[in-house]
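1. Got a predicted structure here, sequence first:
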Amino acid sequence: MPKLTKRLVDAEVAGDKDRFIWDDEIPGFGLKLYTTGAKSFCYQYRSPANNQTRRFNIGKYSGALTVEQARTIAKKQAHAVYSGHDPMAEKQALRGALLINELWDAYVASEQFASNAETTKATDRGRIDRHLRPLLGKAAADGVAHEQILKAHRAIKEGRTAARVKTKARGLAKVTGGPGTADQSIRLLSTAYTWAIRNKLAKTNPVAGMKFGKSGVRDTILSDASEYARLFSTLQRMEDEKRIRSAAADAIRFIAFTGARKGEVTRLQRDWVNLKSGLINIPRTNHKSGRQTQRPRIIALPAAAREIIDRQPECERGYVFSPAKGDGPISLGKLWERVREEAKLPPTLGLHELRHSVGTHLAMSGATAIDIMEQLGHKQVSTTLRYVHFVEAARSTLADRAAAVALLGLNGKGKKKRPTKAPT
């Protein structure tokens, strides 16, 4: 038997019946020549389970599958058989296995998914349909490898799933991807697998033990009154010049005053607001942590926030901040980028960082963790404690600054200078 090489495979021609040429280096590795002229690689072996002869089809010889690539696959299959596996039996099992697309369908139809807030469901559907399905949907749920997860994460992070898609709410949506979307998408995949394992639809979670980024509070906030002044003056100027709608400008102001989540503000309904008591009551099915807490989200309104709500015109769809068009809620993402740039605020300051700013300033003013937890609607105190730790770090810096003058005196640099005579 000869060794299969490119020269040998190219030279072989079809006969009046199908025939095999076996490689003399890897037992079982062969080339099948069809009467049609087609050439295909295979690996023949005996099943470790019952000693029956089985033939694994490697693939058709072409520019996409070279002789050396087929040889590498044959070596892997030989090693698998030696380790007690049956490649053909496993391949046949995968054909009838649950696909990740089918796992997504089951998860989205589940009670667990239905119990999430509407905003969470909308965001998760977007991550599933626009990022995860195209990248992993056709893989077997119990056959996906860590390498495939890493590859999918990298693709989303680098924007390779970016697209413009049609939506009922706004007509056209821009899908961008990025590091944050990549991290959250893979975390969502892990959540779906945890549910699937519990419901006996999957055996293992391929994301288990893998870490993608860090969730939590970022350090970028509006740190002082001058930055807030730039934000509010920019909003007012853009509003006066008709470059931003009043509803959008007021929605951003509202987030800055209350620390409410963007989705809570853009989807805020009139029926949830009680200006007399100064409270907003968002039903537990309509906010992020409602499923875990089983409680409504209560937002206390400072006077400035009450004034903002009070001056909003009535909206047919019941929203406090009326959208410009479409059936969906008001959109703030692109507007915020323009406002931030014109106000000369840090490029890492997103709308969510306005929320972090409120939490941080509450902590700095002496509010307890429970107070902050209630105002921001956290489901667990550990999330709130991040603000406290951030403030502790800031206070240590303030302590150094406060001691600076005393240190000057200690080092003999604080001697009083004689006043010089004013020129005559």
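-> Good, I have the coordinates.
2. Not counting its neighbours along the chain, what's nearest Ala248?
-> Spatial nearest neighbour of Ala248, excluding adjacent residues (C-beta to C-beta, 6 or more residues apart in numbering): Leu335 at 5.3 Å. Backbone N, C-alpha and C define where each C-beta goes, glycine included.
3. What are the contacting residues of the host helix or strand of the one you found?
-> Per DSSP states H and E: Leu335 is located in helix 333-342. With C-beta atoms under 8 Å, 6 or more residues apart in numbering as the test, helix 333-342 has contacts from 231, 234-235, 238, 243-244, 248, 252, 346-347, 349-351.
4. tell me the SS of the closest residue in space to Pro323 that isn't next to it in sequence?
-> Using C-beta to C-beta, 6+ apart and skipping the chain neighbours, the partner closest in space to Pro323 is Ile330 (4.4 Å). Of the three states, Ile330 takes coil according to DSSP: H, G, I helix; E, B strand; the rest coil.
5. so where's the stretch 301-424 of the chain uncertain?
-> By pLDDT under 70, the low-scoring segments of the stretch 301-424 of the chain are 326, 363-424.
6. and the residue nearest the centre of the chain, how far is that from Gln148?
-> Nearest to the geometric centre of the chain sits Gln184, at 2.4 Å (C-alpha atoms, centre = their mean). Distance from Gln184 to Gln148, counting by C-beta to C-beta, to the nearest Å: 18 Å.
7. For stretch 275-283, measure first residue to last.
-> From its first residue to its last, stretch 275-283 covers 17 Å (C-alpha to C-alpha, to the nearest Å).
8. Check which helices and strands the host helix or strand of Trp104 is in contact with.
-> Element membership for Trp104, per DSSP H and E: helix 100-108. In terms of contacts (3 or more C-beta pairs under 8 Å, 6 or more residues apart in numbering; DSSP states H and E), helix 100-108 is packed against helix 133-136, helix 179-198.
9. which regions of the stretch 51-200 of the chain lie under the pLDDT threshold?
-> 93-96, 164-174.
10. Make sure Leu231 is actually in contact with Lys344.
-> No. Counting by C-beta atoms under 8 Å, Leu231 stays clear of Lys344, with 9.8 Å between them.
11. the more surrounded of these two?
-> Leu231 (22 against 10; other C-beta atoms under 10 Å).
12. Next one, pLDDT for that one please.
-> Looking at Leu231, its pLDDT is 94.
13. That one should be in a helix, yeah?
-> Yes. In this structure, Leu231 lies within a helix as judged by three-state DSSP.
14. For the residue nearest to Ala248, the count of nearby residues, please.
-> What Leu335 shows, counting by other C-beta under 10 Å, is a neighbour count of 20.
15. Would you state the helices of the stretch 151-300 of the chain in chain order?
-> 179-198, 225-240, 246-258, 262-266, 290-293 (DSSP state H, counting those that start in this stretch).
16. Strands along the stretch 1-150 of the chain, start to end?
-> Taking DSSP state E, counting those that start in this stretch, the strands of the stretch 1-150 of the chain run over residues 19-22, 29-33, 39-46, 53-60.
17. I'd like the distance from the third one to the chain centre, please.
-> Read that as strand 39-46. 42 Å (C-alpha atoms, centre = their mean, to the nearest Å).
18. Please apply the same query to the second one.
-> Its chain's C-alpha centre and that of strand 29-33 lie 46 Å apart, by C-alpha atoms, centre = their mean.
19. just the angle between it and strand 53-60, please?
-> Angle between the axes of strand 29-33 and strand 53-60 is 70 degrees (criterion: axes from the mean of the first three to the mean of the last three C-alpha atoms, to 10 degrees).
20. any residues touching strand 29-33, and which ones?
-> 4, 9, 12-15, 18-23, 39-44, 61, 70-71, 74, 78.
21. Repeat that for the shortest one.
-> In this structure, residues lying in contact with strand 19-22 by C-beta under 8 Å, 6+ apart are 1-2, 4, 8, 12, 28-33, 42.
22. could I get it in PDB with only the CA atoms?
-> Output of strand 19-22 as PDB, limited to C-alpha atoms (Å, rounded to 0.1, in the frame of the first residue of the first chain):
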ATOM      1  CA  ARG A  19     -12.400   1.400  -5.300                       C
ATOM      2  CA  PHE A  20     -10.300   2.200  -2.200                       C
ATOM      3  CA  ILE A  21      -6.600   3.100  -1.900                       C
ATOM      4  CA  TRP A  22      -5.300   2.600   1.700                       C
END
